[in-house]
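Participant: Build me a model:
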Amino acid sequence: MTEAQNEQLDKILQEQEKVVKMWTEYWKDYSTWETWQFWAILLMLIIPLIVIYFAIDKRKIFQIGFYGFNIHTWFAYSDAIAMRTAHVTYPFQVIPIMPVNVALDVSLVPVCFMLVYQWCLNHNRNVFLYGVILSAIFSFVIKPLLVSVNLMQLEKGMNYFYLFLNYLLILSLAIIVTKVFIYLRGKYIDKS
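Facilitator: This next block holds a predicted model:
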């Protein structure tokens, strides 16, 4: 690494450390367990995890779990990009140093998609079609509700239609990746 590159990297890391401290101070001032927003976000984290624990079809737990993990991973990536570029902001957090909204990306969104996926599997329905419907509900109902109570802010031209397109991209990626792994399991494991 050149000296100039090393200096620039050190500067970025110092600024990053400052930003983490600023987020932590902001959290202490405005987003701790003393606020109703903290508890609302914590419930969005805990309740879906309890629901999926009892509702998941144990016979298909790995397939549904893999699909849900795909949803979670892609949403965490896209949310991190949206937050780092300041297109989406979450004024209240459960964990101040996380670059994403943990409740949405870890629990609420993946669990809802897992339940729809499971329902589609068990009733022989089109996962993409019902995923599009769920994406529309999140994009045009739940996200506007979060914005209206200031749990989420859209900046720099971000809007609900762009969120919907993001949901569709993530839905498509999760379905494709899951199908590829199901195919590979059938090709390599089920035949051995």
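Participant: For this structure, which segments count as strands?
Facilitator: Using DSSP state E, the strands of the chain run over residues 88-89, 153-154.
Participant: who does the last one pair up with?
Facilitator: Strands that pair with strand 153-154, judged by DSSP bridges, come out as strand 88-89 (antiparallel).
Participant: Do me a favour and average the pLDDT over the partner strand.
Facilitator: For strand 88-89, the mean per-residue pLDDT is 94.
Participant: after that strand, next one along is what?
Facilitator: helix 102 (DSSP states H and E).
Participant: Helices of the protein, residue ranges please.
Facilitator: Assigned helices in the chain, in chain order: 3-30, 36-55, 61-84, 102, 109-122, 127-137, 143-148, 160-184 (criterion: DSSP state H).
Participant: Relative to the whole chain's centre, how far out is the lowest-mean-pLDDT helix or strand in the chain?
Facilitator: Between all helices and strands in the chain, the lowest mean by mean pLDDT, DSSP states H and E belongs to helix 102, at a mean of 87. Centre-to-centre, helix 102 and its host chain are 7 Å apart (Cα atoms, centre = their mean, to the nearest Å).
Participant: ok, and what's touching it?
Facilitator: Outside helix 102, the residues within contact range by Cβ atoms under 8 Å, 6 or more residues apart in numbering are 41, 45, 93-95. Where you see a C-beta, it was placed from the backbone N, CA and C, and this is true even at glycine.
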